[in-house]
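**Q** Whatever this is, show me its structure:
(2 chains)
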Amino acid sequence: MSLTFASWNINSIRTRAHLVKDWLDRNPDCTLLCLQEIKCEAHQFPKLFEEAGFHVAVAGQKAYNGVALISRVPLTVTTDHLPGFESDEARYIETELEGVTIGNLYLPNGNSGGDAGFAKKLNFLEALHQRSLTLQKEGRSFAFIGDYNVCPTEEDYAPKALSPDDALLRPESRAGFRRLLWSGLTDALRCLHPAGRHYTFWDYQAGAYQRNSGLRIDHALLSPRLADRLTGFTIDKDERGREKPSDHVPVVVSLS
DNA sequence: ATGACCGTCCACGACGGA
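**A** Here you go, the predicted model:
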């Protein structure tokens, strides 16, 4: 049975609900959309999706962070936080869909809050690694999809788009991402495109999109049996050119 | 060479984002 799901850091769902609804209408094959940075509490999440027949699950908070699921089929939430990541911040929600566990994540950026802020980023990566081991031990097929705030290699950001000591590039951040790969997971984009620059984010400043000065920070990591079903990983770059866009674009995973 | 954006809130400036 085929399955298509997507991820999009929307940078405020209340500001961009119409863009999300338009996108869903133009992508009828996408069963589940994972959102990050909704920047609101559950009760503030726009009602138009449920009014249109979608199923919605929200892990929200005031002003910052927040993740949500919008589904064409009824939703079962397995957890609304990442086990082992001790924090009030709403950064993880997980569902099970057609026998596949899908973890929707928003990793801490790690540039603010000094050493403690960076440690929070590494703690999240380690908790995600533990989640990977747990799910594999349980024999489950799963995907971790979302905004990782990590450029895994030098090929994953435009020259000079970030300062060399940025938290998105730090060796410890990249080691945390590689540890997920070593646990057996497959980077969907690199599975299909082993080389080449494919960005998912362009800063609002300095005409970054027009200059294609972007980053690859939105990723989908797949468990082994799911990776065997991978048929497509699409970056919907055109969304960045719309009126009042998010700074991230949707990424879409297709499985056979 | 430099600066350049955006969304949120006990809102008109500070903070976080990346």
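
**Q** only C-alpha atoms for contact and neighbour calcs from this point on.
**A** Will do.

**Q** Spit out the contact partners of residue A:219.
**A** Shown here is residue A:219, whose contacts under the criterion Cα atoms under 8 Å, 6 or more residues apart in numbering are A:145-148, A:187-189, A:251.

**Q** Return the residues in contact with residue A:109.
**A** Under the criterion of Cα under 8 Å, 6+ apart, the contact partners of residue A:109 comprise A:118, A:121, A:149, A:167-168.

**Q** filter the residues you listed to the buried ones?
**A** Among the contacts of residue A:109, the ones that count as buried by 16 or more other Cα atoms under 10 Å are A:118, A:121, A:149, A:167-168.

**Q** Up against DNA strand B, what does the stretch 1-150 of chain A have?
**A** A:9, A:11-15, A:37, A:39-40, A:62-64, A:108-113, A:149 (Cα under 7 Å from any atom of the strand).

**Q** What segments of the stretch 151-256 of chain A are strands?
**A** Chain-ordered strands for the stretch 151-256 of chain A, with DSSP state E, counting those that start in this stretch as the definition, fall at A:186-187, A:201-202, A:214-215, A:218-222, A:230-235, A:251-255.

**Q** Which of the contacts of residue A:219 fall within helices?
**A** With helices defined by DSSP state H, the entries of the contacts of residue A:219 inside them are A:188-189.

**Q** And the contacts of residue A:219, which is closest to residue A:227?
**A** Each of the contacts of residue A:219 was checked against residue A:227 using Cα to Cα; the closest is residue A:188, at 7.4 Å.

**Q** picking that back up, between the contacts of residue A:219, which is nearest DNA strand B?
**A** Nearest to DNA strand B, judged by Cα to the nearest atom of the strand, of the contacts of residue A:219 is residue A:147 at 7.2 Å.

**Q** how many other residues sit next to that closest one?
**A** The number of residues packed near residue A:147 is 27, by other Cα atoms under 10 Å.

**Q** any idea of the mean pLDDT in stretch A:109-126?
**A** The predicted model assigns stretch A:109-126 a mean pLDDT of 95.

**Q** Residue A:102: which of the contacts of residue A:219 is nearest?
**A** Of all the contacts of residue A:219, the one sitting nearest residue A:102 is residue A:145; the distance, using Cα to Cα, is 7.3 Å.

**Q** Just the residues contacting stretch A:245-253, thanks.
**A** With contact meaning Cα under 8 Å, 6+ apart, stretch A:245-253 is reached by A:4-11, A:16, A:30, A:188, A:200-204, A:218-220, A:230-240.

**Q** ok, back up a step: now, which of the residues of the stretch 1-150 of chain A next to DNA strand B lie within helices?
**A** In helices, judged by DSSP H, the following of those are found: A:13-15.

**Q** I am finished for the moment; much appreciated.
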